[in-house]
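# no sequence on this one, just coordinates:
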């Protein structure tokens, strides 16, 4: 009897592990993000109005001229598409990349940038929102802007 219970439990756990992982952002929207993707807090209304932190992320993107390599819509030019990359890229890997660069591939090291040091998590949130499709390309404004 004991063996059947253990076998049944093992079978149930195996069945559960085969289910897809569905993650939600802080507003309860589901996505098919892989387990290594982390929840990212950003708020967006009408595709181009965002919370103040995400707005700072976008301003960092613009100030550091990231579009020169990744494109104005983050779809890639000489650098890779960040729309695609952020489907699986986690916050830790993003941090390693912006603060260490990938010099052999042309990605500079932004560790000496005060703006990046202050806003890297905001930039991550902005790019995650772009990748999720909730933040539209182009200029952004604060949610409470008139």
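It's in. Small disclaimer: the values here were computed from a predicted structure and weren't measured.
# Read off the pLDDT value for the most centrally placed residue in the chain.
When C-alpha atoms, centre = their mean is applied to the chain, the residue found nearest the centroid is residue 128 (2.8 Å). In the predicted model, residue 128 carries a pLDDT score of 97.
# do the same with residue 117
Reading off the model, residue 117 has pLDDT 97.
# ok, the closest residue to residue 109 other than its chain neighbours - contacts?
For residue 109, ignoring the flanking residues on the chain, the nearest one in space by C-beta to C-beta, 6 or more residues apart in numbering is residue 101 at 3.4 Å. (C-beta placed from N, C-alpha, C; glycine too.) Counting by C-beta atoms under 8 Å, 6 or more residues apart in numbering, residue 101 makes contact with 107-110.
# Drop anything exposed from those.
The neighbour-count test (16 or more other C-beta atoms under 10 Å) applied to the contacts of residue 101 identifies 107, 110 as buried.
# Could you dump the contacts of residue 101 into a markdown table with distance to residue 84, secondary structure and pLDDT added?
A markdown table is the format used below for the contacts of residue 101 (distance: C-beta to C-beta, whole Å; DSSP: H, G, I helix; E, B strand; the rest coil; pLDDT from 0 to 100):
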| residue | distance to residue 84 | secondary structure | pLDDT |
| --- | --- | --- | --- |
| 107 | 16 | strand | 94 |
| 108 | 21 | coil | 95 |
| 109 | 23 | coil | 97 |
| 110 | 21 | coil | 97 |
